[in-house]
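A.B. asks: Below are the sequence and a predicted model for it; my questions follow.
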Amino acid sequence: MVDALARLAEEGRFARCIDTADQMISQGGWTPAQLAAIHLISCRCRLQLQDAHGALRSGAAAAALARQEREYDLLGRALLYQGTAHAALAQYDQALRCFYDYFTHMTGYREARQLEGAVWKHLGVTYQRRLEPEKAAYALEEARRWFAARNIDYGAFTSTHDLINVYLYMAETDRSKFHAIRSLLTEQRAVAQRHPAEPYYAGTYLLDLAAWLARSGRPRQAAVAAARSLEVYRGDRTHAFHCHLLLHRCQLARGDGRRALGHLLAAWSDAVAAGNPELEHLAAESLADVLEREASEIMRELGALQPSSASAPRLPLHGSVRRDLQ
(Lines give C-alpha, C1' and ligand atoms only; values in the text may rest on other atoms or scores of the structure.)
Protein backbone atom coordinates (compact mmCIF):
# COMPACT_ATOMS: atom_id res chain seq x y z
CA MET A 1 0.00 0.00 0.00
CA VAL A 2 2.83 2.42 0.78
CA ASP A 3 4.34 1.65 -2.64
CA ALA A 4 0.99 2.40 -4.29
CA LEU A 5 0.88 5.71 -2.44
CA ALA A 6 4.36 6.56 -3.68
CA ARG A 7 3.25 5.82 -7.25
CA LEU A 8 0.43 8.36 -6.94
CA ALA A 9 3.02 10.97 -6.00
CA GLU A 10 5.31 9.95 -8.87
CA GLU A 11 2.39 10.27 -11.30
CA GLY A 12 1.74 13.81 -10.09
CA ARG A 13 -1.66 12.99 -8.56
CA PHE A 14 -0.84 15.02 -5.49
CA ALA A 15 -4.32 15.81 -4.13
CA ARG A 16 -5.42 12.19 -4.55
CA CYS A 17 -2.21 11.06 -2.86
CA ILE A 18 -2.81 13.33 0.15
CA ASP A 19 -6.40 12.12 0.55
CA THR A 20 -5.27 8.51 0.34
CA ALA A 21 -2.50 9.12 2.87
CA ASP A 22 -4.97 10.70 5.31
CA GLN A 23 -7.25 7.67 4.98
CA MET A 24 -4.37 5.27 5.54
CA ILE A 25 -3.24 7.15 8.65
CA SER A 26 -6.76 7.18 10.12
CA GLN A 27 -7.20 3.45 9.46
CA GLY A 28 -4.10 2.60 11.49
CA GLY A 29 -2.35 -0.75 11.65
CA TRP A 30 0.99 0.49 10.32
CA THR A 31 4.43 0.03 11.76
CA PRO A 32 6.14 3.26 12.88
CA ALA A 33 8.49 3.07 9.88
CA GLN A 34 5.58 2.64 7.47
CA LEU A 35 3.71 5.49 9.12
CA ALA A 36 6.78 7.71 8.77
CA ALA A 37 6.93 6.88 5.06
CA ILE A 38 3.23 7.74 4.63
CA HIS A 39 3.67 11.11 6.34
CA LEU A 40 6.76 11.75 4.22
CA ILE A 41 4.95 11.09 0.94
CA SER A 42 2.10 13.35 2.07
CA CYS A 43 4.66 16.04 2.96
CA ARG A 44 6.18 15.89 -0.50
CA CYS A 45 2.78 16.20 -2.18
CA ARG A 46 1.81 19.16 0.01
CA LEU A 47 5.01 20.93 -1.01
CA GLN A 48 4.11 20.35 -4.66
CA LEU A 49 0.71 21.96 -4.02
CA GLN A 50 2.37 24.88 -2.18
CA ASP A 51 0.76 23.90 1.12
CA ALA A 52 3.77 24.73 3.26
CA HIS A 53 1.89 24.63 6.58
CA GLY A 54 0.49 21.19 5.82
CA ALA A 55 3.91 20.03 4.67
CA LEU A 56 5.42 21.12 7.98
CA ARG A 57 2.89 19.07 9.93
CA SER A 58 3.46 15.97 7.82
CA GLY A 59 7.21 16.47 7.79
CA ALA A 60 7.40 16.88 11.57
CA ALA A 61 5.41 13.67 12.08
CA ALA A 62 7.66 11.79 9.64
CA ALA A 63 10.85 13.12 11.26
CA ALA A 64 9.71 12.24 14.78
CA LEU A 65 8.87 8.66 13.81
CA ALA A 66 12.06 8.29 11.79
CA ARG A 67 14.20 9.46 14.73
CA GLN A 68 12.37 7.09 17.03
CA GLU A 69 12.98 4.13 14.73
CA ARG A 70 16.45 5.28 13.63
CA GLU A 71 15.28 5.19 10.02
CA TYR A 72 17.92 7.62 8.86
CA ASP A 73 17.06 7.56 5.16
CA LEU A 74 13.52 8.64 6.02
CA LEU A 75 14.88 11.21 8.46
CA GLY A 76 17.23 12.76 5.92
CA ARG A 77 14.45 13.23 3.40
CA ALA A 78 12.10 14.57 6.09
CA LEU A 79 14.68 17.19 7.11
CA LEU A 80 15.06 18.33 3.50
CA TYR A 81 11.29 18.63 3.08
CA GLN A 82 10.86 20.40 6.42
CA GLY A 83 13.57 22.88 5.56
CA THR A 84 11.97 23.55 2.19
CA ALA A 85 8.60 24.21 3.83
CA HIS A 86 10.11 26.55 6.42
CA ALA A 87 11.90 28.47 3.65
CA ALA A 88 8.65 28.80 1.70
CA LEU A 89 7.14 30.48 4.78
CA ALA A 90 10.18 32.78 5.14
CA GLN A 91 11.08 30.97 8.37
CA TYR A 92 14.73 30.99 7.41
CA ASP A 93 16.30 30.20 10.79
CA GLN A 94 14.19 27.05 11.11
CA ALA A 95 14.97 26.12 7.51
CA LEU A 96 18.71 26.41 8.11
CA ARG A 97 18.47 24.24 11.23
CA CYS A 98 16.77 21.51 9.22
CA PHE A 99 19.36 21.63 6.43
CA TYR A 100 22.31 21.56 8.83
CA ASP A 101 20.63 18.77 10.82
CA TYR A 102 20.65 16.71 7.62
CA PHE A 103 24.47 16.76 7.60
CA THR A 104 24.71 15.57 11.21
CA HIS A 105 23.28 12.17 10.24
CA MET A 106 25.43 11.51 7.15
CA THR A 107 27.00 8.35 8.58
CA GLY A 108 23.58 6.75 8.94
CA TYR A 109 22.42 7.39 5.38
CA ARG A 110 22.31 5.02 2.44
CA GLU A 111 19.79 6.35 -0.08
CA ALA A 112 19.55 9.76 1.60
CA ARG A 113 23.17 10.45 0.66
CA GLN A 114 21.82 11.19 -2.80
CA LEU A 115 20.06 14.24 -1.37
CA GLU A 116 23.27 16.05 -0.44
CA GLY A 117 23.40 18.20 -3.56
CA ALA A 118 19.79 19.27 -3.11
CA VAL A 119 20.42 20.18 0.54
CA TRP A 120 23.43 22.32 -0.41
CA LYS A 121 21.33 24.02 -3.07
CA HIS A 122 18.43 24.76 -0.71
CA LEU A 123 20.90 25.96 1.89
CA GLY A 124 22.35 28.41 -0.64
CA VAL A 125 18.97 29.72 -1.73
CA THR A 126 17.93 30.20 1.90
CA TYR A 127 21.05 32.25 2.61
CA GLN A 128 20.35 34.20 -0.57
CA ARG A 129 16.90 35.11 0.71
CA ARG A 130 18.42 36.15 4.04
CA LEU A 131 20.73 38.49 2.09
CA GLU A 132 23.86 36.65 3.19
CA PRO A 133 25.50 36.36 -0.24
CA GLU A 134 28.90 35.01 0.85
CA LYS A 135 27.31 32.05 2.63
CA ALA A 136 24.87 31.58 -0.24
CA ALA A 137 27.71 31.51 -2.77
CA TYR A 138 29.67 28.94 -0.75
CA ALA A 139 26.68 26.58 -0.46
CA LEU A 140 25.76 26.93 -4.12
CA GLU A 141 29.34 26.24 -5.19
CA GLU A 142 29.21 23.05 -3.12
CA ALA A 143 25.92 22.09 -4.75
CA ARG A 144 27.29 22.80 -8.22
CA ARG A 145 30.39 20.70 -7.61
CA TRP A 146 28.37 17.84 -6.13
CA PHE A 147 26.03 17.62 -9.14
CA ALA A 148 28.79 18.16 -11.70
CA ALA A 149 30.93 15.37 -10.20
CA ARG A 150 28.02 12.98 -10.81
CA ASN A 151 27.15 14.32 -14.27
CA ILE A 152 23.74 15.46 -13.07
CA ASP A 153 23.24 18.29 -15.57
CA TYR A 154 19.93 19.58 -14.24
CA GLY A 155 21.18 19.98 -10.68
CA ALA A 156 24.45 21.57 -11.79
CA PHE A 157 22.62 23.91 -14.16
CA THR A 158 20.02 25.12 -11.64
CA SER A 159 22.69 25.57 -8.95
CA THR A 160 24.75 27.63 -11.37
CA HIS A 161 21.68 29.71 -12.22
CA ASP A 162 21.17 30.49 -8.53
CA LEU A 163 24.88 31.24 -8.09
CA ILE A 164 24.75 33.72 -10.99
CA ASN A 165 21.91 35.55 -9.24
CA VAL A 166 23.95 35.74 -6.03
CA TYR A 167 27.00 37.05 -7.89
CA LEU A 168 24.87 39.67 -9.67
CA TYR A 169 23.81 40.90 -6.23
CA MET A 170 27.42 40.92 -4.99
CA ALA A 171 28.59 42.72 -8.14
CA GLU A 172 26.87 45.89 -6.93
CA THR A 173 29.82 46.35 -4.57
CA ASP A 174 32.39 43.99 -6.09
CA ARG A 175 32.68 44.30 -9.86
CA SER A 176 35.09 41.37 -10.02
CA LYS A 177 32.02 39.14 -9.78
CA PHE A 178 31.14 40.09 -13.36
CA HIS A 179 34.18 38.09 -14.50
CA ALA A 180 33.10 35.10 -12.40
CA ILE A 181 29.63 35.29 -13.93
CA ARG A 182 31.08 35.25 -17.42
CA SER A 183 32.81 31.94 -16.65
CA LEU A 184 29.60 30.51 -15.22
CA LEU A 185 27.67 31.56 -18.31
CA THR A 186 30.13 29.61 -20.46
CA GLU A 187 29.30 26.51 -18.40
CA GLN A 188 25.57 27.23 -18.68
CA ARG A 189 25.82 27.45 -22.46
CA ALA A 190 27.69 24.12 -22.64
CA VAL A 191 24.94 22.37 -20.66
CA ALA A 192 22.22 23.98 -22.79
CA GLN A 193 23.95 22.75 -25.95
CA ARG A 194 23.87 19.19 -24.59
CA HIS A 195 20.08 19.42 -24.25
CA PRO A 196 18.85 21.03 -27.49
CA ALA A 197 15.44 19.36 -27.22
CA GLU A 198 14.72 20.89 -23.79
CA PRO A 199 14.02 24.61 -24.13
CA TYR A 200 14.33 25.20 -20.38
CA TYR A 201 18.11 25.12 -20.63
CA ALA A 202 18.50 27.55 -23.54
CA GLY A 203 15.80 29.85 -22.17
CA THR A 204 17.36 30.04 -18.73
CA TYR A 205 20.87 30.51 -20.12
CA LEU A 206 19.68 33.41 -22.30
CA LEU A 207 17.87 35.00 -19.35
CA ASP A 208 21.00 34.74 -17.18
CA LEU A 209 23.02 36.24 -20.04
CA ALA A 210 20.51 39.08 -20.35
CA ALA A 211 20.67 39.82 -16.63
CA TRP A 212 24.48 39.94 -16.77
CA LEU A 213 24.44 42.26 -19.77
CA ALA A 214 21.89 44.55 -18.12
CA ARG A 215 23.90 44.82 -14.90
CA SER A 216 27.04 45.42 -16.97
CA GLY A 217 25.45 48.52 -18.50
CA ARG A 218 24.48 47.06 -21.87
CA PRO A 219 20.66 47.34 -21.94
CA ARG A 220 20.33 47.07 -25.72
CA GLN A 221 22.15 43.72 -25.87
CA ALA A 222 20.38 42.59 -22.72
CA ALA A 223 16.99 43.29 -24.31
CA VAL A 224 17.93 41.19 -27.35
CA ALA A 225 18.94 38.24 -25.14
CA ALA A 226 15.81 38.55 -22.96
CA ALA A 227 13.52 38.66 -26.00
CA ARG A 228 15.27 35.61 -27.40
CA SER A 229 14.85 33.82 -24.06
CA LEU A 230 11.13 34.58 -24.10
CA GLU A 231 10.86 33.20 -27.62
CA VAL A 232 12.85 30.02 -26.92
CA TYR A 233 11.15 28.96 -23.70
CA ARG A 234 7.45 29.54 -24.24
CA GLY A 235 4.62 28.36 -22.06
CA ASP A 236 6.21 28.87 -18.63
CA ARG A 237 4.57 31.91 -17.02
CA THR A 238 7.17 32.24 -14.28
CA HIS A 239 9.96 32.36 -16.86
CA ALA A 240 7.96 34.81 -18.97
CA PHE A 241 7.50 37.03 -15.90
CA HIS A 242 11.26 37.32 -15.37
CA CYS A 243 11.84 37.97 -19.07
CA HIS A 244 9.25 40.76 -19.21
CA LEU A 245 10.48 42.31 -15.96
CA LEU A 246 14.03 42.40 -17.30
CA LEU A 247 12.82 43.82 -20.62
CA HIS A 248 10.93 46.48 -18.64
CA ARG A 249 14.16 47.53 -16.92
CA CYS A 250 16.08 47.48 -20.19
CA GLN A 251 13.55 49.75 -21.88
CA LEU A 252 13.61 52.12 -18.92
CA ALA A 253 17.40 52.30 -19.19
CA ARG A 254 17.00 53.14 -22.88
CA GLY A 255 14.43 55.84 -22.13
CA ASP A 256 11.47 54.11 -23.77
CA GLY A 257 8.80 54.47 -21.11
CA ARG A 258 5.90 53.21 -23.24
CA ARG A 259 7.56 49.88 -24.07
CA ALA A 260 8.80 49.59 -20.52
CA LEU A 261 5.26 49.89 -19.19
CA GLY A 262 4.00 47.33 -21.72
CA HIS A 263 6.53 44.77 -20.50
CA LEU A 264 5.69 45.53 -16.88
CA LEU A 265 1.98 44.94 -17.48
CA ALA A 266 2.84 41.69 -19.27
CA ALA A 267 4.94 40.67 -16.27
CA TRP A 268 2.02 41.41 -13.97
CA SER A 269 -0.26 39.24 -16.11
CA ASP A 270 2.26 36.39 -16.04
CA ALA A 271 2.61 36.63 -12.25
CA VAL A 272 -1.15 36.37 -11.77
CA ALA A 273 -1.41 33.48 -14.24
CA ALA A 274 1.44 31.67 -12.48
CA GLY A 275 -0.40 31.98 -9.17
CA ASN A 276 2.79 33.11 -7.46
CA PRO A 277 2.25 35.78 -4.75
CA GLU A 278 5.99 36.53 -4.59
CA LEU A 279 6.07 37.40 -8.29
CA GLU A 280 2.90 39.48 -7.94
CA HIS A 281 4.60 41.42 -5.14
CA LEU A 282 7.65 42.10 -7.34
CA ALA A 283 5.41 43.29 -10.17
CA ALA A 284 3.43 45.51 -7.80
CA GLU A 285 6.62 47.10 -6.48
CA SER A 286 7.83 47.85 -10.00
CA LEU A 287 4.43 49.27 -10.97
CA ALA A 288 4.45 51.50 -7.88
CA ASP A 289 7.87 52.80 -8.90
CA VAL A 290 6.58 53.60 -12.39
CA LEU A 291 3.53 55.43 -11.02
CA GLU A 292 5.70 57.43 -8.65
CA ARG A 293 8.00 58.48 -11.49
CA GLU A 294 5.05 59.39 -13.69
CA ALA A 295 3.46 61.43 -10.90
CA SER A 296 6.71 63.32 -10.32
CA GLU A 297 7.01 64.04 -14.04
CA ILE A 298 3.44 65.35 -14.22
CA MET A 299 4.04 67.62 -11.24
CA ARG A 300 7.20 68.98 -12.84
CA GLU A 301 5.33 69.68 -16.07
CA LEU A 302 2.53 71.42 -14.18
CA GLY A 303 5.08 73.50 -12.34
CA ALA A 304 6.70 74.53 -15.62
CA LEU A 305 3.30 75.69 -16.94
CA GLN A 306 2.70 78.08 -14.02
CA PRO A 307 3.10 81.82 -14.93
CA SER A 308 6.15 83.50 -13.47
CA SER A 309 4.17 86.54 -12.29
CA ALA A 310 3.17 86.33 -8.65
CA SER A 311 -0.15 88.04 -9.47
CA ALA A 312 -1.12 85.57 -12.17
CA PRO A 313 -3.62 82.86 -11.19
CA ARG A 314 -2.06 79.50 -10.38
CA LEU A 315 -3.17 76.26 -12.00
CA PRO A 316 -5.10 74.16 -9.51
CA LEU A 317 -3.68 70.71 -8.77
CA HIS A 318 -6.85 68.68 -8.93
CA GLY A 319 -7.17 65.47 -6.96
CA SER A 320 -8.29 63.74 -10.16
CA VAL A 321 -4.68 63.78 -11.36
CA ARG A 322 -3.67 61.45 -8.55
CA ARG A 323 -6.75 59.28 -8.94
CA ASP A 324 -5.98 58.75 -12.60
CA LEU A 325 -2.59 57.39 -11.64
CA GLN A 326 -3.90 54.87 -9.13
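C.D. replies: In hand now; what should we look at? Numbering: from 1, shown residues only.
A.B. asks: can you give me the strands for the stretch 1-150 of the chain?
C.D. replies: Assigned strands in the stretch 1-150 of the chain: none (criterion: DSSP state E, counting those that start in this stretch).
A.B. asks: if you skip the residues just before and after it, what's nearest to Asp116?
C.D. replies: Actually, residue 116 is Glu rather than Asp. Trp146 (5.9 Å; C-beta to C-beta, 6 or more residues apart in numbering). C-beta here means a position set from N, CA and C on the backbone, and glycine is covered the same way.
A.B. asks: how far away is the nearest residue to Ala85 once chain neighbours are set aside from His86?
C.D. replies: Of all residues not flanking Ala85 in the chain, Ala55 sits nearest, at 4.1 Å (C-beta to C-beta, 6+ apart). The gap separating Ala55 from His86 is 9 Å, by C-beta to C-beta, to the nearest Å.
A.B. asks: just Ala197 next, same as before
C.D. replies: The gap separating Ala197 from His86 is 36 Å, by C-beta to C-beta.
A.B. asks: More neighbours: which of these two?
C.D. replies: Higher neighbour count among Ala197 and His86: His86, with 23 against 5, using other C-beta atoms under 10 Å.
A.B. asks: Tell me which residues of stretch 210-225 come out buried.
C.D. replies: 210-216, 218-219, 221-225 (16 or more other C-beta atoms under 10 Å).
A.B. asks: got these as CSV, with distance to Leu291 columns?
C.D. replies: Listed next are the buried residues of stretch 210-225 as CSV, based on distance: C-beta to C-beta, whole Å:
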residue, distance to Leu291
Ala210, 25
Ala211, 25
Trp212, 29
Leu213, 27
Ala214, 22
Arg215, 25
Ser216, 28
Arg218, 28
Pro219, 22
Gln221, 29
Ala222, 24
Ala223, 23
Val224, 28
Ala225, 28
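A.B. asks: Where does the prediction get shaky in the chain?
C.D. replies: Applying pLDDT under 70 to the chain picks out residues 293-326.
A.B. asks: 90 - rerun?
C.D. replies: Regions of the chain meeting the criterion pLDDT under 90 cover residues 1-2, 233-235, 255-258, 260-261, 268, 271, 274-326.
A.B. asks: Give me the domain ranges for it.
C.D. replies: As assigned by automatic domain parsing, the chain contains the domains 1-92, 110-192, 195-298.
A.B. asks: And the buried residues of stretch 210-225, which two are furthest apart?
C.D. replies: Arg215 and Val224 (15.4 Å; C-beta to C-beta).
A.B. asks: who touches Ala95 in this structure?
C.D. replies: Gly83, Thr84, His86, Ala87, His122, Thr126 (C-beta atoms under 8 Å, 6 or more residues apart in numbering).
A.B. asks: Same list, the residues you listed, but as a markdown table with distance to Asn151 please.
C.D. replies: Putting these into a markdown table (distance: C-beta to C-beta, whole Å) gives the following:
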| residue | distance to Asn151 |
| --- | --- |
| Gly83 | 26 |
| Thr84 | 25 |
| His86 | 31 |
| Ala87 | 27 |
| His122 | 21 |
| Thr126 | 26 |
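A.B. asks: Which of the residues you listed fall in helices?
C.D. replies: Gly83, Thr84, His86, Ala87, His122, Thr126 (DSSP state H).
A.B. asks: give me the number of residues near Ala88?
C.D. replies: Neighbours of Ala88 using other C-beta under 10 Å come to 17.
A.B. asks: so who does it touch?
C.D. replies: Per C-beta under 8 Å, 6+ apart, neighbours of Ala88: Leu47, Gln50, Ala52, Ala55.
A.B. asks: Let me see the backbone angles for the second one.
C.D. replies: Yep, that's Gln50 we're talking about. Dihedral pair for Gln50: phi 60, psi 30, per degrees, to the nearest 10.
A.B. asks: burial of it, as a residue count?
C.D. replies: 13.
A.B. asks: Who's the closest spatial neighbour of it, skipping the chain neighbours?
C.D. replies: Nearest non-adjacent residue to Gln50, counting by C-beta to C-beta, 6+ apart: Ala88, 7.3 Å away.
A.B. asks: how close does the one you found sit to Phe157?
C.D. replies: For Ala88, the distance to Phe157 - C-beta to C-beta - is 22 Å.
A.B. asks: before we move on, what about Leu47?
C.D. replies: Taking C-beta to C-beta, one finds Leu47 at 21 Å from Phe157.
A.B. asks: try His39
C.D. replies: Distance from His39 to Phe157, by C-beta to C-beta: 32 Å.
A.B. asks: just Met106 next, same as before
C.D. replies: 25 Å.
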